[in-house]
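**Student:** Sequence and predicted model, in that order:
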Amino acid sequence: ENKAEYLRLLQEALLRQYEDGIAAQTAAFRQGLAHQCGDAHVFRLFCRLVTPADFDLLVGGVAELDVGAWQQHAVVQPAAAAEAAVVQWFWDIVRNELDAEQRSQLLAFATGCGRAPVGGFEHMSGYNGVEQPFTLHVLPHDPRDAMMKARTCFNTIDVQMYPTRAELLEKVLIACAHHEGFNEHAVADAH
């Protein structure tokens, strides 16, 4: 009987909760953005011309990952491993076995962010803002500890010299599934 009143009150409560919860942060962000624009006139123009999608791109980077550009701007360490089968398998898996969401998850596993930076993979930076390309660090195979590991501050994935493509695919899929936070299966360590 009072469904309409309930929905109106719920909407008011959610709006109040939103305003109370992030009002200070929103005001600080707006103030900082206005400061970066230089003057009030430029800031007003920016607010009128930039769409939410444009702003999302500026803040969050590119959502759809270009695997060719990702590979082109990636680094393999040691350099002598660049021609190793596991490196070729890795890029083949990323390109042909993973869907868009899994590619994003794999990038998030390695970097902490599932999107390419504005300007593309050639502009990746590490934890301190210094340019830090995506890196495949190729290690000898250790069957006792064969999980992929990531160093998100350095945009690096440790990939072992897995004996088969199937084993690498299994490890990549585990990394995709564990792209959020630290866990016992796919360690993302930030040192």
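**Tutor:** Right, received. Where do you want to start?
**Student:** check which helix or strand covers Asp92.
**Tutor:** helix 85-96 (DSSP states H and E).
**Student:** With Arg103 instead?
**Tutor:** Using DSSP H and E, Arg103 falls in helix 100-111.
**Student:** How about Ala175?
**Tutor:** helix 165-177.
**Student:** could you pull out the strands for the chain?
**Tutor:** All strands of the chain, identified by DSSP state E, fall at 75-77, 135-139, 149-151, 156-160.
**Student:** In the sheet, which strands lie alongside the second one, parallel or antiparallel?
**Tutor:** If you go by DSSP bridges, strand 135-139 pairs up with strand 75-77 (parallel), strand 156-160 (parallel).
**Student:** Tell me which residue is most central in this structure.
**Tutor:** In the chain, the residue lying closest to the centroid (Cα atoms, centre = their mean) is Cys113, at 1.7 Å.
**Student:** Return the helix or strand of the chain with the lowest mean pLDDT as PDB; C-alpha atoms alone will do.
**Tutor:** Least confident helix or strand of the chain, by mean pLDDT, DSSP states H and E, is helix 52-60 with a mean of 72. Extracted in PDB, the C-alpha atoms of helix 52-60 (Å, rounded to 0.1, in the frame of the first residue of the first chain):
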ATOM      1  CA  PRO A  52      31.100  11.800 -18.600                       C
ATOM      2  CA  ALA A  53      32.600   9.300 -21.100                       C
ATOM      3  CA  ASP A  54      35.400  11.700 -21.900                       C
ATOM      4  CA  PHE A  55      36.100  12.300 -18.300                       C
ATOM      5  CA  ASP A  56      36.100   8.600 -17.600                       C
ATOM      6  CA  LEU A  57      38.700   8.100 -20.300                       C
ATOM      7  CA  LEU A  58      40.900  10.900 -18.900                       C
ATOM      8  CA  VAL A  59      40.700   9.500 -15.300                       C
ATOM      9  CA  GLY A  60      40.500   5.800 -16.000                       C
END
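**Student:** out of the strands of the chain, which comes closest to Leu98?
**Tutor:** The closest of these to Leu98 is strand 156-160. By Cβ to Cβ, the value is 13.6 Å. (C-beta placed from N, C-alpha, C; glycine too.)
**Student:** and the longest helix seen in the chain, what does it pack onto?
**Tutor:** Counting residues, the longest helix found in the chain (DSSP state H) is helix 3-37. The contact analysis (3 or more Cβ pairs under 8 Å, 6 or more residues apart in numbering; DSSP states H and E) places helix 3-37 against helix 40-49.
**Student:** Give me the angle between the helix it packs on and helix 52-60.
**Tutor:** Helix 40-49 and helix 52-60 meet at an angle of 110 degrees, taking axes from the mean of the first three to the mean of the last three Cα atoms, to 10 degrees as the criterion.
**Student:** angle of helix 40-49 against helix 3-37?
**Tutor:** Using the same axes, to 10 degrees: helix 40-49 against helix 3-37 is 130 degrees.
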